[in-house]
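Enquirer: how would this look folded up:
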Amino acid sequence: MKFKSTLTALFFITGFVANAQTVTLDYYFNHEVHQGKNGKPERFHYLWDETDNNGFKIFGEAFTSRGAKLDTLSAMPTLDNLKNSAVYIIVDPDTKKESPKPNYIQEDDIENIAAWVKKGGVLLLMANDSANVELPHFNNLAAKFGMRFNNDLQNHVIDDAHFEDGTIYIKNNPVLKTAGKIFMKDACSISLSGTAVPVLKNKEGAVIIASTKYGKGTVLAVGDPWLYNEYVNGCLPAGYENDKAANDIAAWLLKQATK
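Expert: Next up is the predicted model:
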């Protein structure tokens with residue numbers, strides 16, 4: 001009996017590990033480099049293991065705390081490269097200002113990503129204000145799912161005296177289920193068509209988070225990178241719940257992948 005119980009326990013443990021959802025962060029379209037402390041070029045900005053304000057360390061922990069595994073993709077998103085990923089995240093594709101040779105999203109990339117989503121993949125697209133993101137090619141991908149990141153500036157915050165301009169209050173939201181008040185500044189709005197629906201609007205009524213189903217998969221689009229360490233580390237003024245929003249987003253994405 002003891003031997004049988006041990007085998008059963010091992011089955012569940014190994015089964016969990018084998019089936020742990022993989023969340024893959026793009027390092028191909030966003031590949032910013034700066035000079036490191038040792039004088040050599042190094043990657044920075046929106047990295048899983050980056051602990052300063054620019055990184056996604058805390059956002060990554062929102063996934064791993066739910067049993068997911070983190071991965072990165074520094075190559076083109078072919079179907080073979082994406083086959084083991086439950087969630088694929090593309091954040092703030094590079095402009096020429098950010099990279100001397102940016103990898104723009106091409107038609108083959110769009111077709112491969114769309115085919116992966118159609119089979120059940122979950123895609124998170126995070127843009128930025130138009131001065132800091134390569135929108136034309138990014139929008140070619142977004143258009144595949146009935147979305148368009150607009151060349152505008154929402155929730156513009158001039159300084160700390162105007163902090164409230166970046167505030168959004170949330171109630172009965174299908175994705176942000178625990179966050180009631182968030183801060184998101186200098187985002188772009190999202191235009192929708194087809195089956196795409198708004199998830200969150202700002203005080204002016206502009207859509208800044210949207211979603212859609214595509215085949216068996218799901219796409220979530222956000223008008224700003226927003227969940228990097230600077231805004232989810234608990235250092236915002238009291239009452240803001242970006243940390244809860246990070247957990248809400250992670251939980252929702254993983255749930256869609258499970259479906």
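Enquirer: where does residue 131 land on pLDDT?
Expert: You'll see residue 131 listed with a pLDDT of 85.
Enquirer: report the rounded mean pLDDT for the longest strand seen in the chain.
Expert: Longest strand of the chain, by residue count under DSSP state E: strand 207-214. On average, the pLDDT along strand 207-214 is 98.
Enquirer: what does stretch 94-110 give?
Expert: Regarding stretch 94-110, the rounded mean pLDDT is 92.
Enquirer: who's in contact with that stretch?
Expert: Under the criterion CB atoms under 8 Å, 6 or more residues apart in numbering, residues 28-33, 76-77, 93, 132-134, 137-138, 140-141, 144 lie in contact with stretch 94-110. In short, each C-beta sits where N, CA and C put it, glycine included.
Enquirer: what's the answer for stretch 132-150, then?
Expert: Contact partners of stretch 132-150, identified using CB under 8 Å, 6+ apart, comprise 29, 90, 92-95, 98, 102, 104-107, 109-110, 113-114, 117, 123, 125, 127, 151, 188-196, 210, 212, 214, 219, 221, 223.
Enquirer: in helices, which of those residues fall?
Expert: Applying DSSP state H to these, the entries found in helices are 107, 109-110, 113-114, 117.
Enquirer: neighbour-wise, which one of these leads?
Expert: Highest neighbour count within the ones in helices among the contacts of stretch 132-150: residue 113, with 26 neighbours (other CB atoms under 10 Å).
Enquirer: distance from stretch 125-143 to the middle of the chain?
Expert: Distance of stretch 125-143 from its chain centroid, counting by CA atoms, centre = their mean, to the nearest Å, is 13 Å.
Enquirer: if you could redo that for stretch 176-193, that was the one I meant.
Expert: That offset, for stretch 176-193, works out to 12 Å (CA atoms, centre = their mean).
Enquirer: count of neighbours near residue 31?
Expert: Count around residue 31 with other CB under 10 Å applied: 17.
Enquirer: what about the strands in the stretch 101-250 of the chain?
Expert: Remark: strands assigned in the stretch 101-250 of the chain by DSSP state E, counting those that start in this stretch are 122-126, 147-149, 167-169, 181-183, 190-192, 197-201, 207-214, 217-222.
Enquirer: pipe those into JSON lines and attach distance to residue 252 and mean neighbour count per row.
Expert: Formatted as JSON lines, the strands of the stretch 101-250 of the chain follow (distance: least, CB to CB, whole Å; neighbours: other CB atoms under 10 Å):
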{"stretch": "strand 122-126", "distance to residue 252": "9", "mean neighbour count": "26"}
{"stretch": "strand 147-149", "distance to residue 252": "17", "mean neighbour count": "25"}
{"stretch": "strand 167-169", "distance to residue 252": "17", "mean neighbour count": "16"}
{"stretch": "strand 181-183", "distance to residue 252": "14", "mean neighbour count": "21"}
{"stretch": "strand 190-192", "distance to residue 252": "17", "mean neighbour count": "20"}
{"stretch": "strand 197-201", "distance to residue 252": "9", "mean neighbour count": "17"}
{"stretch": "strand 207-214", "distance to residue 252": "9", "mean neighbour count": "22"}
{"stretch": "strand 217-222", "distance to residue 252": "8", "mean neighbour count": "24"}
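Enquirer: which of the ones you listed sits closest to residue 246?
Expert: strand 181-183 (9.9 Å; CB to CB).
Enquirer: which strands or helices does the closest one pack on?
Expert: Strand 181-183 makes packing contacts with strand 167-169, helix 242-258 when contacts are defined by 3 or more CB pairs under 8 Å, 6 or more residues apart in numbering; DSSP states H and E.
Enquirer: so what does the shortest one touch, helix or strand wise?
Expert: Spelled out, that is strand 167-169. By 3+ CB pairs under 8 Å, 6+ apart, strand 167-169 packs against strand 181-183.
Enquirer: avg pLDDT for the strand it packs on?
Expert: Rounded mean pLDDT across strand 181-183 is 98.
Enquirer: contacting residues around that strand?
Expert: With contact meaning CB under 8 Å, 6+ apart, strand 181-183 is reached by 163, 166-170, 176, 231, 236, 239-242, 245.
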